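In: Predicted model and sequence below, questions to follow.
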2 protein chains.
Amino acid sequence: MSRHADSKLDPSAEEIRRWGDAAVGWMAEYLHCVRELRVYPETTSRDIRERLDEELPTESLPFLKVLDTFREVVVPATRQNAHPRMFGYVQAPGTAIAALADLLASTLNANLTAWRSTPAAVEIERLTIDWVKQIIGFNADAAGLFVSGGSMANFAGLAAARRAKAPDELMRKGAQAFPRALRIYASEETHHSVAKAAAMLGIGSDNVRYVAVDERFRIRIDDLEAKINEDVAAGHLPICIVGNAGTVNTGACDSLEQVSETARRFGLWMHVDGSYGGFATLAPSARACLAGIERADSISLDPHKWLYLPVDCGCVLYRDPETARATFAHEAEYTRVIAQQADEAFAVWDYGPELSRRFRALKVWMLLTSVGVRAVGESIEKDLACARHLESLVRASDDFEMLAPVELSIFCFRYVPAGLKGGPEEQLDAFNERLLVALQRDGSSYLSNARIHGRFALRGCVMNYRTTHRDMEILLMDLRRLAATL
Amino acid sequence: MSRHADSKLDPSAEEIRRWGDAAVGWMAEYLHCVRELRVYPETTSRDIRERLDEELPTESLPFLKVLDTFREVVVPATRQNAHPRMFGYVQAPGTAIAALADLLASTLNANLTAWRSTPAAVEIERLTIDWVKQIIGFNADAAGLFVSGGSMANFAGLAAARRAKAPDELMRKGAQAFPRALRIYASEETHHSVAKAAAMLGIGSDNVRYVAVDERFRIRIDDLEAKINEDVAAGHLPICIVGNAGTVNTGACDSLEQVSETARRFGLWMHVDGSYGGFATLAPSARACLAGIERADSISLDPHKWLYLPVDCGCVLYRDPETARATFAHEAEYTRVIAQQADEAFAVWDYGPELSRRFRALKVWMLLTSVGVRAVGESIEKDLACARHLESLVRASDDFEMLAPVELSIFCFRYVPAGLKGGPEEQLDAFNERLLVALQRDGSSYLSNARIHGRFALRGCVMNYRTTHRDMEILLMDLRRLAATL
């Protein structure tokens, strides 16, 4: 082996310090200046590829040169998620402490498969999962683990629901051995990862029954119960109701107490998708919306959303650890635990779909310990206030209108130019779609879109400790400026 | 919001530099000294918990104090995966460049859901996936993406196999709508994540048929074909053969050319689990073993194994992009792509189970670009040579014996004390199990275990650019020293 290879895979302490200084230097500068960057780049696939070396690299290059390419080619051609006016989708900014935690996690390279694989890292995960349960008000004996995101958490929750409510042997014998369709109920506003999970699980995406919503986009309990009764009469096997703690379109929170009542009455599993809204329990003004979340059998949460952590860090909690274990545990000799006590025999892979697992808990622990939940809650409260401020500005204006009530920090609205007032809705849709594209290309603010009662909506979500009331005002100014050019 | 909260979630450039210096300083020192640490800690759950603050943190703590706790409590109480004599399981050490890449990725916080979400990051993923295809010799038009690890890659490959070979509407209507059992074939030595995936998918773990192996632990084609014929006669629906490119027990490589022939003949999907061995294609001496891997319909690979990257970074490749897309694509208005060209309309979530996705490709790109594949291949070759060196030492000794041939870098052997030679096998099993526990507790070297032809084996795997021939000799000295105390 050449010395050259050695020195790159296993550099000297001095080299590591030099490279690390350069990386940290970029980080400090980037986070300091991110407010001044375009939120969204003007670029094409071709532009980027022309600036990257396409050949499989045979020989080595100095790390600092590679870092330059990252800084000059990659960074400017991404959406700046840390920008205070990045309102698209449900996107958190990340934070410096968590990025440093990821540096430490990748250096230590703990692999959180089981306690004995990395004792202290698994203890940190168990401790932070306990903290998450306290934040949500979930029962102290519940199990849980960090997964890559809300989609995987919904998948895990529905897998557990099937294990609990469908015949025991289904996971061994296969779903074809049991002729009844398994049915899942969720409001029309539910995230598509629920249907995707049902498809992957072999339950079938058509067996997710979409329930009508009320004027605040919350699941209608009458329609929910009617659909369950209908399915029972048809010979299907209802297994699970999914309640939303913050929908992706409008931030609606289903009445989780009522969902829980219905689930109990019909003997169904209650899964709550709290990927967006769950951590809003830290903000006093959102707590009433989320009442009943603690009654769920399983909950999806995303620390990489409202704990402001970088991806990936999702979380699934299960009320009954034994059901989770029965869902995911598979025995094999090479994973057999030898000569250890109960706490030390704990295997994380028994509770989720993954085996190798990154030390995701480190950034949760470092963030919560360094910042404290009070400050995180204050920041979430500030995000909610920003969305309400936008709503009040829109309601006070004569050129914008709200298309849905603000429940948490999501706002859906549209621009109504004087010339289109009272005109055909299709024209307003087309105008706002063009306005959205213009806004995204402009680079000062970023929104995404939603369909509300069939109409095209400009949609934003505030999830950034950097965002202020002033940013909400700039967003409306940006839209007016661009609307004038269309 | 208090200033205090602000300053922790959004620290000044100066604070970031100070915190970053401290983190990088630890990193340089840790990687410099890791050879001198105990591989495995002597600790208990209770020991660790007593040194951690258990209360949900309400207020903030200085970051440097939190870093101290990480350094003093977490680091010493984990297994040191970077240590040159960490031979347990299939565990890579990680490397400094990749840890820095993870710092950059978490700072930028790109979320690789779709091209438009982060153009340059998705281009880097597509580029590095192209490089991975070249390394494996896979067809240039194939699709692929990075996932969290081999378990998820096997899950994705089997989901695609089902989409291709079972009735089209299964994922919509559910598996109960199609009464035939779907059957998957894999050798007895196959990783348990295949059965776990079958259970999660609703195919059923019992529908994974385990095929006998030959004396080198490779799938027996005669038994494979007999089982397929048997299932067809019984009315089941064979869908997939899983070939192993490096089994977890002994590193066996199935004859992938023969597996491919059989798959073609019966019209089945061929999935290759190359999580452990796939990247050994970079080492000339392993290439013959892996011949035929390029004929697969889907392949699981783990850059976080033999590309020496930290977890998590698995990879799945699909020969036919359209099948992958049909498996995972779900349409929703809020993910609808507006006003973009083909390359720019690319949505990564259409090809795998996740939606939010970390910028895993950054560490792959930085590692390959900085180090070059030639040096990585040389290091893999060196790992293979270390395992062969151990084998020759064992064969030349009169107190150790090999229990399986060394195929790649895994070695299975046992200690045979003079007093137990020719005695009952159970006594040798018990002795070696005690010896393994003693070795793990001793802290100088670390092995895990396997069951070989019913016998307890000491099992090691070399996957570390730091490991030398001398380390293999120290391992045997450690075992002899400890055996003398039993």
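Out: Yes, it's here. Please read all numbers here as calculations on a predicted model, not as lab measurements.
In: For the stretch 251-400 of chain A, give the residue positioned nearest to chain B.
Out: Per C-beta to the nearest C-beta, A:Ala375 is where the stretch 251-400 of chain A lies closest to chain B, at 3.1 Å. For the C-beta atoms, the positions are set from N, CA and C on the backbone; glycine is no exception.
In: Summarise which helices and strands the helix or strand where that residue lies is packed against.
Out: Assigning secondary structure by DSSP states H and E places A:Ala375 in helix A:373-396. With contacts defined as 3 or more C-beta pairs under 8 Å, 6 or more residues apart in numbering or on different chains; DSSP states H and E, helix A:373-396 has these neighbours: strand A:400-402, strand A:410-415, strand A:455-461, helix A:469-483, helix B:3-9.
In: neighbouring contacts of the shortest one?
Out: With contact meaning C-beta atoms under 8 Å, 6 or more residues apart in numbering or on different chains, strand A:400-402 is reached by A:Glu391, A:Leu393, A:Val394, A:Arg395, A:Phe411, A:Cys412, A:Phe413, A:Arg414, A:Tyr415, A:Val416, A:Leu476, A:Leu479.
In: quick one: strands adjacent to that strand?
Out: Strand A:400-402 has these partner strands in its sheet, going by DSSP bridges: strand A:410-415 (antiparallel).
In: pLDDT averaged over the strand it pairs with, what's the number?
Out: In this model, strand A:410-415 has an average pLDDT of 98.
In: Does chain B have contacts with stretch A:120-138?
Out: Yes. Shown here: stretch A:120-138 in contact with chain B (C-beta under 8 Å from any C-beta of the partner chain) through A:Ala120, A:Ala121, A:Glu123, A:Ile124, A:Leu127, A:Asp130, A:Trp131, A:Gln134, A:Ile135.
In: Just give the closest residue to the closest residue to chain B within chain A, not the sequence neighbours.
Out: Closest contact between chain A and chain B, by C-beta to the nearest C-beta, is at A:Gly202 (2.4 Å). Leaving aside its sequence neighbours, A:Gly202 sits nearest to B:Gly202 (C-beta to C-beta, 6 or more residues apart in numbering or on different chains; 2.4 Å).
In: thought that neighbour was touching A:Ala175?
Out: Yes. When contacts are counted by C-beta atoms under 8 Å, B:Gly202 is listed as touching A:Ala175 (3.8 Å).
In: any common contacting residues for the two?
Out: With C-beta under 8 Å, 6+ apart, B:Gly202 and A:Ala175 have common neighbours A:Gly202, A:Ile203, B:Gly174, B:Ala175.
In: Would you mind listing which of those residues are buried?
Out: The neighbour count (16 or more other C-beta atoms under 10 Å in any protein chain shown) marks A:Gly202, A:Ile203, B:Gly174, B:Ala175 as buried among the shared contacts of B:Gly202 and A:Ala175.
In: In the residues you listed, find the pair that's most separated.
Out: A:Ile203 and B:Ala175 (7.9 Å; C-beta to C-beta).
In: Could you report the neighbour count for the closest residue to A:Ala286 other than its chain neighbours?
Out: Using C-beta to C-beta, 6+ apart and skipping the chain neighbours, the partner closest in space to A:Ala286 is A:Ala280 (3.8 Å). Number of residues near A:Ala280 (other C-beta atoms under 10 Å in any protein chain shown) recorded here: 29.
In: In contact with A:Ala280, which residues?
Out: A:Ala245, A:Gly246, A:Ala286, A:Arg287, A:Cys289, A:Leu290, A:Trp306, A:Ile380, A:Leu384, A:Leu408, A:Ser409.
In: at 10 Å what do you get?
Out: A:245-246, A:251, A:253, A:274, A:286-287, A:289-290, A:293, A:305-306, A:377, A:380-381, A:383-384, A:407-409 (C-beta atoms under 10 Å, 6 or more residues apart in numbering or on different chains).
In: go on, A:Gly278?
Out: A:132, A:135-136, A:150, A:245-246, A:272, A:290, A:293, A:296, A:299-303, A:305-307, A:315, A:317.
In: got it, and A:Tyr318?
Out: Counted by C-beta under 10 Å, 6+ apart, A:Tyr318 has contacts A:138, A:142-145, A:156-157, A:160-161, A:164, A:271, A:296-299, A:324-325, A:327, A:351-352.
In: again, 7 Å this time
Out: Shown in contact with A:Tyr318 (C-beta atoms under 7 Å, 6 or more residues apart in numbering or on different chains): A:Ala142, A:Ala143, A:Gly144, A:Ala160, A:Ser298, A:Ala324.
In: quick one, what contacts the spatially closest residue to it that is not a sequence neighbour?
Out: Using C-beta to C-beta, 6+ apart and skipping residues adjacent in sequence, the residue nearest A:Tyr318 is A:Ala324, 4.1 Å away. Residues in contact with A:Ala324, defined by C-beta under 7 Å, 6+ apart, are A:Ala143, A:Ala160, A:Tyr318, A:Tyr351.
In: Helix or strand: which one has A:Ala324?
Out: helix A:321-328.
In: quick one on the thing from earlier: can you put the shared contacts of B:Gly202 and A:Ala175 in a markdown table and add secondary structure, pLDDT and distance to B:Ser45?
Out: Listed next are the shared contacts of B:Gly202 and A:Ala175 as a markdown table, based on DSSP: H, G, I helix; E, B strand; the rest coil; pLDDT from 0 to 100; distance: C-beta to C-beta, whole Å:
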| residue | secondary structure | pLDDT | distance to B:Ser45 |
| --- | --- | --- | --- |
| A:Gly202 | coil | 97 | 37 |
| A:Ile203 | coil | 98 | 37 |
| B:Gly174 | coil | 96 | 42 |
| B:Ala175 | helix | 96 | 40 |
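In: just these now: which is nearest A:Asp214?
Out: Of the shared contacts of B:Gly202 and A:Ala175, the one sitting nearest to A:Asp214 (C-beta to C-beta) turns out to be A:Ile203, at 26.8 Å.
In: thinking again about what came up before, would you mind listing the buried residues in the helix holding A:Ala375?
Out: A:373-391, A:393-394.
In: contact partners of it?
Out: A:135, A:279-280, A:282-286, A:306-307, A:400-402, A:406, A:408-411, A:413, A:462-463, A:465, A:467, A:469, A:472-473, A:476, B:1-2, B:4-5, B:8-9, B:56-60.
In: can you pull out the helices in the stretch 201-350 of chain A?
Out: Assigned by DSSP state H, counting those that start in this stretch, the stretch 201-350 of chain A shows helices spanning A:221-233, A:256-266, A:303-306, A:321-328.
In: circling back: please convert the contacts of A:Ala324 to CSV, extending it with secondary structure and pLDDT.
Out: Below are the contacts of A:Ala324 laid out as CSV (DSSP: H, G, I helix; E, B strand; the rest coil; pLDDT from 0 to 100):
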residue, secondary structure, pLDDT
A:Ala143, strand, 96
A:Ala160, helix, 98
A:Tyr318, strand, 98
A:Tyr351, helix, 95
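In: before we move on, back to that, please flag which of the residues of stretch A:120-138 next to chain B sit within strands.
Out: Judged by DSSP state E, strands contain none of these.
In: Which positions in the stretch 301-450 of chain A make contact with chain B?
Out: Counting by C-beta under 7 Å from any C-beta of the partner chain, the residues of the stretch 301-450 of chain A close to chain B are A:304, A:308, A:310-312, A:330, A:332-334, A:338-339, A:343-344, A:353-358, A:366, A:368-375, A:378-379, A:382, A:433, A:437, A:448-450.
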